[in-house]
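Chemist: Please work out how this folds:
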Amino acid sequence: MSTYATIEDETGESVAVRAARPDDYDAVAAFTADTWADRGGSDYIPDIYHDWIADDDGETRQTFVVDLGAETPSDELGAIVQVVMLSPYEAWGQGIRVNPEYRGRGLAKAITEASFDFAQEAGATVLRNMIFSWNVKSLGLARDTGYDPGIEFRWAHPSPDSDASASADVPVFTDDANPDAAWSFWLDSEARTQLGGLALDPEESWALSSVTRDRLHAAADEGRLLVAGAGPTRGFATRSRTYEREDDGETARWAEYAVGAWAWRDEDAAEALLAAMSRDAAAVDADRTRVLIPEGVQWVSDAARAKADIAEEPTFVMEADLS
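Modeler: Residues are numbered from 1 along each chain as shown. This is a model prediction of the structure:
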């Protein structure tokens, strides 16, 4: 057991921020079980807790808990968070939860400060997290604990369809997609500006990091890059992964796209690119898709015009400057 920091909470009591252990599972599951009860959902933390702990190395990723016991370690846990390095300078914070029994004692601030320190020691100059736009309490908490507003995006869900087509004649290249064309487009695109250069991380699920040229080349080499238009390039998308998830007792296969980016006010490119993603998703036997697109009336209405389902609300990314 490793104690990362000992701090005084807002009641004046000493609490320990320490590395989470496999034996903490029952305590963590108990205070996270009802996180989303008011929205008819369940928290994912109990499902992935052991995977988190197994992957922790204390250098590039670490799960922390706040231990309030008289002796450490104990079963009196007040909060949890995980910090992951996504690149040499970008860190991601996820899964912060505060035990309802101990709210109002400054535990969120304590564990967030520990995550900032860990990320800085690992070389990060920025630490980001993701918060659903409806989660007003978490948004306020993030601001209070040192995060600033970052970017916002929306999920689009084009239906997998091997016969999907677009009304306009915009070619979309797949097997011979040019990653350098996609990179050049990205550098000068309004989509990149709106997203702050971010897209879904290729390794860590539900995390965003900076798009790089090497990442686009890797996607092209593996047949996961789609590039719309030629002379000029008018957009691109990258499939980041496929995965299976159970929903209402049924297992669905998802195709996830790190970003869908098309030229500003180019609805034909949007339609062609989303149709290509529908065909690509069908080719990998996906039942459902999700595509990260910039938030804004232009982008969302472009996707809606292309007959893609759209998430009801945007998602926010917050960031803390650690430089």
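Chemist: that's a strand at residue 277, yeah?
Modeler: No: with DSSP: H, G, I helix; E, B strand; the rest coil as the criterion, residue 277 is located in helix rather than a strand.
Chemist: Surely it is in contact with residue 235?
Modeler: No: with contact defined as C-beta atoms under 8 Å, residue 277 and residue 235 do not form a contacting pair (10.8 Å). Bear in mind the C-beta positions are built from the backbone N, C-alpha and C, glycine included.
Chemist: what is in contact with those two at once?
Modeler: With contacts taken as C-beta atoms under 8 Å, 6 or more residues apart in numbering, the residues that reach both residue 277 and residue 235 are residue 260.
Chemist: Mind listing what's buried along stretch 62-71?
Modeler: Within stretch 62-71, the residues that qualify as buried by neighbour count (16 or more other C-beta atoms under 10 Å) are 62, 63, 64, 65, 66, 67, 68.
Chemist: check contacts around the second one.
Modeler: For residue 63, the contact set (C-beta under 8 Å, 6+ apart) comprises 19, 20, 52, 53, 56, 80, 81, 82.
Chemist: Of the residues you listed, which belong to helices?
Modeler: With helices taken from DSSP state H, the overlap with the contacts of residue 63 comprises 52, 53.
Chemist: Neighbour count added to the contacts of residue 63, as TSV?
Modeler: TSV is the format used below for the contacts of residue 63 (neighbours: other C-beta atoms under 10 Å):
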residue	neighbour count
19	17
20	25
52	19
53	19
56	19
80	25
81	24
82	22
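Chemist: got the contacts of residue 63 as JSON lines, with distance to residue 309 columns?
Modeler: Written out in JSON lines, the entries for those read as follows (distance: C-beta to C-beta, whole Å):
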{"residue": "19", "distance to residue 309": "41"}
{"residue": "20", "distance to residue 309": "37"}
{"residue": "52", "distance to residue 309": "31"}
{"residue": "53", "distance to residue 309": "36"}
{"residue": "56", "distance to residue 309": "36"}
{"residue": "80", "distance to residue 309": "33"}
{"residue": "81", "distance to residue 309": "32"}
{"residue": "82", "distance to residue 309": "30"}
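Chemist: Closest to residue 254 out of the contacts of residue 63?
Modeler: residue 52 (20.9 Å; C-beta to C-beta).
Chemist: show me what contacts that closest one?
Modeler: Under the criterion of C-beta under 8 Å, 6+ apart, the neighbours of residue 52 are 20, 63, 82, 95.
Chemist: and those as a markdown table, adding distance to residue 230 and pLDDT?
Modeler: A markdown table is the format used below for the contacts of residue 52 (distance: C-beta to C-beta, whole Å; pLDDT from 0 to 100):
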| residue | distance to residue 230 | pLDDT |
| --- | --- | --- |
| 20 | 50 | 96 |
| 63 | 46 | 97 |
| 82 | 43 | 97 |
| 95 | 43 | 93 |
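Chemist: what packs against the helix or strand containing residue 316?
Modeler: Secondary-structure element containing residue 316, defined by DSSP states H and E: strand 315-321. Applying 3 or more C-beta pairs under 8 Å, 6 or more residues apart in numbering; DSSP states H and E, we find strand 315-321 packed against strand 126-132, helix 136-144, strand 148-157.
Chemist: Can you tell me which of these is most buried?
Modeler: Of the helices and strands packed on strand 315-321, the one with the most neighbours on average (mean count of other C-beta atoms under 10 Å) is strand 126-132, at a mean of 21.
Chemist: Look at residue 293 and tell me its secondary structure.
Modeler: Under the three-state scheme (three-state DSSP), the conformation of residue 293 reads as strand.
Chemist: what's the spacing between it and residue 200?
Modeler: 11 Å (C-beta to C-beta, to the nearest Å).
Chemist: who has more neighbours, these two?
Modeler: The neighbour count for residue 293 versus residue 200, taken as other C-beta atoms under 10 Å, is higher for residue 293 (28 against 23).
Chemist: name the element residue 110 belongs to?
Modeler: Taking DSSP H and E as the definition, one finds residue 110 inside helix 107-121.
Chemist: I meant to write residue 184 there.
Modeler: helix 179-187.
Chemist: what's the next secondary structure element after that helix?
Modeler: Proceeding N to C from helix 179-187, the next assigned helix or strand is helix 190-195, under DSSP H and E.
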